[in-house]
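Peer 1: Give me the fold of what follows.
(one chain, ligands or ions: 1)
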Amino acid sequence: MQGKIAIEEHFTLEESLNENVQFVGQSVNWSDVQRRLLDIGDLRLAEMDRHGIELAILSFMPGVQEMLDAQEAATAARQANDALAEGISRHPDRFAGFATLPMQDAEAAIIELSRCVKELGFKGAIVNGYTQRQVADFAIYYDVPEYRPFWAAMQGLDVPLYLHPRTAIQARAQAYEGHPWLISAAWGFAVETSVHALRLIGSGLFDEFPGQQVILGHLGERIPYDMWRLDHRLGKSPRGYPLEKPMSEYLRANFHLTTSGNFSDNALRCAIGEMGAERIMFSVDYPLEDTVDAASWFDGTEMAEEDRIRIGRANAIQLFKLDLN
Ligand code: ZN
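Peer 2: Predicted structure coming up:
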């Protein structure tokens, strides 16, 4: 399919390069990934051209959520966003951007979000999971009350938030001890991110901000497979689940999924079945994944052609209000 739009596509800056090892691991060609992460130009465009990707929405990896100092995070976020805006300005018809936000301080995050959307023309924001602040071994999730003004600003600007994975903090990683392969992209990322997403719902966030949209990668971080069971068990035994509507209603009204790094026919069928084709968007997770794997799978996987156009392009145009047909 020509004209695809890809949503979870990463870049980095020289000074943050080595922090990306946590996402890549040691088994892949790290020097090639480094080269690709640093490029917002020819290398990336050639890959997009080869595989029918018209537009990529880029985001900074590894984000700034690990920085313990709020001021340092605000400076780094601003620097990453300015670099991205500069890269986009050289190819405005091929690249768009998500804002990196210093969530250590909700007020600073609102200011940077607003600057990125209003002045730099970014299409939304991305956070690399929970944030840390001052204390390394403590995770702050965005369902807690201090972030309500942030969500009000998001809804006010009418932009979605991409909730990107990261590994669990040390204090919550006991289940992975002795099995380092479990903690990151193969399994732990999905556990960490799906719990965060369900916390957002359970906090009543979407009753307060019913128009707010959140994007999950990797075909929903395992959530579609368990949507029926979530509703079933919370219906039988709420155990403190405070909402009147079932989880699945919020998932289908406030969440979008992307195909980043999950190129499985069966997982896609499940995601379409539970969420609907209008809530799924094509992505690669470049350069941590290979564009050829994502695109050749997507172009060939069995589905109605109208769904392929929706998932490959039309849903993104609608969600991000892109000036494309
Ligand atoms: Zn990613």
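
Peer 1: Any buried residues in the lowest-mean-pLDDT helix or strand in the chain, and which?
Peer 2: Ranked by mean pLDDT, DSSP states H and E, the helix or strand of the chain with the weakest confidence is helix 21-24, at a mean of 72. Using 16 or more other C-beta atoms under 10 Å as the test for burial, helix 21-24 gives 23, 24. Placement of C-beta: from N, CA and C, glycine included.

Peer 1: Can you name every helix or strand that the helix or strand just after that helix contacts?
Peer 2: Moving toward the C-terminus from helix 21-24, the next helix or strand (DSSP states H and E) is helix 30-38. Under the contact criterion of 3 or more C-beta pairs under 8 Å, 6 or more residues apart in numbering; DSSP states H and E, helix 30-38 touches strand 4-11, helix 21-24, helix 42-50.

Peer 1: could I get helix 30-38 in PDB with only the CA atoms?
Peer 2: Output of helix 30-38 as PDB, limited to C-alpha atoms (Å, rounded to 0.1, in the frame of the first residue of the first chain):
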ATOM      1  CA  TRP A  30      23.500  -1.300  17.400                       C
ATOM      2  CA  SER A  31      25.700   0.800  15.200                       C
ATOM      3  CA  ASP A  32      23.200   0.700  12.400                       C
ATOM      4  CA  VAL A  33      20.300   1.600  14.800                       C
ATOM      5  CA  GLN A  34      22.400   4.500  16.200                       C
ATOM      6  CA  ARG A  35      22.900   5.900  12.700                       C
ATOM      7  CA  ARG A  36      19.200   5.600  12.000                       C
ATOM      8  CA  LEU A  37      18.100   7.100  15.300                       C
ATOM      9  CA  LEU A  38      20.300  10.200  14.700                       C
END
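
Peer 1: residues making contact with it?
Peer 2: 10-14, 17, 20-21, 24, 43-44, 47, 61, 286-288 (C-beta atoms under 8 Å, 6 or more residues apart in numbering).

Peer 1: Export the helices and strands packed on helix 30-38 to TSV and append columns for distance to residue 246.
Peer 2: Rendered in TSV, the data for these read as follows (distance: least, C-beta to C-beta, whole Å):
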stretch	distance to residue 246
strand 4-11	27
helix 21-24	33
helix 42-50	39
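
Peer 1: hang on, the earlier thing: farthest pair within the contacts of helix 30-38?
Peer 2: Based on C-beta to C-beta, the longest span within the contacts of helix 30-38 runs between 21 and 47 and measures 21.6 Å.

Peer 1: re the thing from before, so which of the contacts of helix 30-38 also contact the ion?
Peer 2: Among the contacts of helix 30-38, no residue sits close to the ion (C-beta under 5 Å from the ion).

Peer 1: Buried ones among those residues?
Peer 2: Buried, going by 16+ other C-beta under 10 Å: 10, 11, 12, 17, 20, 24, 44, 47, 61, 286, 287, 288, out of the contacts of helix 30-38.

Peer 1: tell me which of the residues you listed is nearest to residue 107?
Peer 2: residue 61 (24.6 Å).

Peer 1: If you count neighbours, what's buried in the top helix by length along the chain?
Peer 2: Counting by DSSP state H, the longest helix found in the chain is helix 70-90. Neighbour-count burial for helix 70-90 flags 70, 73-74, 76-81, 83-85, 87-88 (criterion: 16+ other C-beta under 10 Å).

Peer 1: Dump these into JSON lines; add pLDDT and distance to residue 203 as well.
Peer 2: Formatted as JSON lines, those follow (pLDDT from 0 to 100; distance: C-beta to C-beta, whole Å):
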{"residue": "70", "pLDDT": "97", "distance to residue 203": "22"}
{"residue": "73", "pLDDT": "97", "distance to residue 203": "23"}
{"residue": "74", "pLDDT": "98", "distance to residue 203": "25"}
{"residue": "76", "pLDDT": "97", "distance to residue 203": "28"}
{"residue": "77", "pLDDT": "98", "distance to residue 203": "24"}
{"residue": "78", "pLDDT": "98", "distance to residue 203": "29"}
{"residue": "79", "pLDDT": "98", "distance to residue 203": "31"}
{"residue": "80", "pLDDT": "98", "distance to residue 203": "28"}
{"residue": "81", "pLDDT": "98", "distance to residue 203": "27"}
{"residue": "83", "pLDDT": "98", "distance to residue 203": "33"}
{"residue": "84", "pLDDT": "98", "distance to residue 203": "30"}
{"residue": "85", "pLDDT": "98", "distance to residue 203": "32"}
{"residue": "87", "pLDDT": "98", "distance to residue 203": "35"}
{"residue": "88", "pLDDT": "98", "distance to residue 203": "33"}
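
Peer 1: ok now do residue 104, which residues does it touch?
Peer 2: Per C-beta under 8 Å, 6+ apart, neighbours of residue 104: 64, 65, 67, 68, 69, 70, 73, 74, 131, 132, 133.

Peer 1: Show me which residues of the stretch 1-150 of the chain sit near the ion.
Peer 2: residue 8.

Peer 1: Where does the stretch 1-150 of the chain get nearest to the ion, residue-wise?
Peer 2: residue 8 (4.9 Å; C-beta to the ion).

Peer 1: My read is that that residue contacts residue 282, right?
Peer 2: No: the criterion here is C-beta atoms under 8 Å, and residue 8 misses it with residue 282 at 9.6 Å.
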